[in-house]
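Chemist: My questions concern the predicted model and sequence given below.
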Amino acid sequence: MVTVLTGTEQRTAVEHAVRVSHVSKSFAGPAGRQLVLDDITLDVAPGEFVTLLGASGCGKSTLLSLVAGLDAPTAGRITTNGSPALMFQEHALFPWLTAGKNIELALRLRGVRRSERRGRTEELLELVRLQGAYGKRVHELSGGMRQRVALARALAQDSRVLLMDEPFAALDAITRDVLHDELTRIWEETRLSVLFVTHNVREAVRLAQRVLLLSSRPGRVAREWTVGIPQPRRIEDAPVAELSIEITDVLRGEIRRHGRHS
Ligand SMILES: Nc1ncnc2c1ncn2[C@@H]1O[C@H](COP(=O)(O)OP(=O)(O)OP(=O)(O)O)[C@@H](O)[C@H]1O
Ligand SMILES: [Mg+2]
């Protein structure tokens, strides 16, 4: 069950942005029901940046789609502070619209007045450092620029919670690095709560205040690390590398126990 807090309930529920309580999820398959997520409990505090790390197929996207309300848990309860915004590996922009119009559409859907939309879109383009890209069509933009537009569109929803599913996985390392810096800056400016899914350990440590490691088959919260390294971090910083090695060792153990990392 996904409960979106509204009105007085929202005002009193300040201690968490996302709360996942004893959530399990199973799917029907050819060999019967497959338990993908088993008794997951986690919170994201207001303004907190949490990364969810785990091997391929462990259920990260499934968990994120439950938090987004796209699917319902088999058991347990999820509450979020308002409707979360979502961003995926694929930008999912409308190719027949310009960058600006893609963002304006999100503003229109949440009822922003026409007279305000253009100005707000320009502000969002500036926030993701794409000034001047308003009239550009999606095919004229690089992969990194498309993900910036997708981020601006997610921010246009004015949600307090941002859910990200491997949003930079398809980008080259340098572009990804730049977008890590941008995301950290935007998170600090907006104080959004972020739940960010990745299978890249360094990325998880580079970005997060807290890293949650999911085990595989079924997915459970196996370990949790608080990352005290000050921002802005760089992916090649020694403390980032050190913690990444520690987490990778635990992740390897998880993968060995469960057989594969496809
Ligand atoms: N709608 C569905 N119906 C049946 N099985 C599903 C469904 N969605 C996901 N699964 C199964 O649940 C498991 C977890 O999938 P999920 O996509 O959540 O993994 P993931 O951790 O996001 O992996 P990756 O890192 O590769 O993106 C997989 O075994 C997948 O086949
Ligand atoms: Mg996934």
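Modeler: The structure has been received and is ready for your questions. Ligands and ions are numbered 1, 2, ... in the order given.

Chemist: Is stretch 60-74 positioned near ligand 1?
Modeler: Yes - against ligand 1, stretch 60-74 shows contacts by C-beta under 6 Å from any ligand atom at 60-62. (Each C-beta comes from the backbone N, C-alpha and C, glycine too.)

Chemist: Need the residues you listed in TSV (columns: distance to Arg113 and pLDDT).
Modeler: Conversion of the residues of stretch 60-74 next to ligand 1 to TSV gives the following (distance: C-beta to C-beta, whole Å; pLDDT from 0 to 100):
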residue	distance to Arg113	pLDDT
Lys60	38	95
Ser61	35	95
Thr62	38	96
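
Chemist: Pick the one among those closest to Arg118.
Modeler: Among the residues of stretch 60-74 next to ligand 1, Ser61 lies closest to Arg118 (C-beta to C-beta), at 34.4 Å.

Chemist: secondary structure element for the closest one?
Modeler: helix 60-68 (DSSP states H and E).

Chemist: Identify each buried residue in the helix or strand just after that helix, please.
Modeler: As assigned by DSSP H and E, the chain's next helix or strand after helix 60-68 is strand 75-80. Under the neighbour-count criterion of 16 or more other C-beta atoms under 10 Å, strand 75-80 has 76, 78-80 buried.

Chemist: just stretch 23-40 next, same as before
Modeler: For stretch 23-40, the buried set under the neighbour-count rule, 16+ other C-beta under 10 Å, comprises 23-26, 36-38, 40.

Chemist: Can you list the helices and strands that the helix holding Ser61 packs against?
Modeler: Under the contact criterion of 3 or more C-beta pairs under 8 Å, 6 or more residues apart in numbering; DSSP states H and E, helix 60-68 touches strand 18-29, strand 32-44, strand 49-53, strand 75-80, strand 161-165, strand 193-198.

Chemist: partners of the fourth one, with directions?
Modeler: Paired neighbours of strand 75-80 in the sheet (DSSP bridges): strand 2-4 (parallel), strand 18-29 (antiparallel).

Chemist: what would the helices and strands packed on helix 60-68 look like in a markdown table with mean pLDDT and distance to ligand 1?
Modeler: Formatted as a markdown table, the entries for these read as follows, by pLDDT from 0 to 100; distance: least, C-beta to the nearest ligand atom, whole Å:
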| stretch | mean pLDDT | distance to ligand 1 |
| --- | --- | --- |
| strand 18-29 | 95 | 3 |
| strand 32-44 | 95 | 4 |
| strand 49-53 | 97 | 9 |
| strand 75-80 | 97 | 15 |
| strand 161-165 | 97 | 7 |
| strand 193-198 | 98 | 7 |
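
Chemist: want to throw those into CSV with distance to Arg252?
Modeler: Listed next are the helices and strands packed on helix 60-68 as CSV, based on distance: least, C-beta to C-beta, whole Å:
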stretch, distance to Arg252
strand 18-29, 25
strand 32-44, 21
strand 49-53, 12
strand 75-80, 29
strand 161-165, 23
strand 193-198, 16
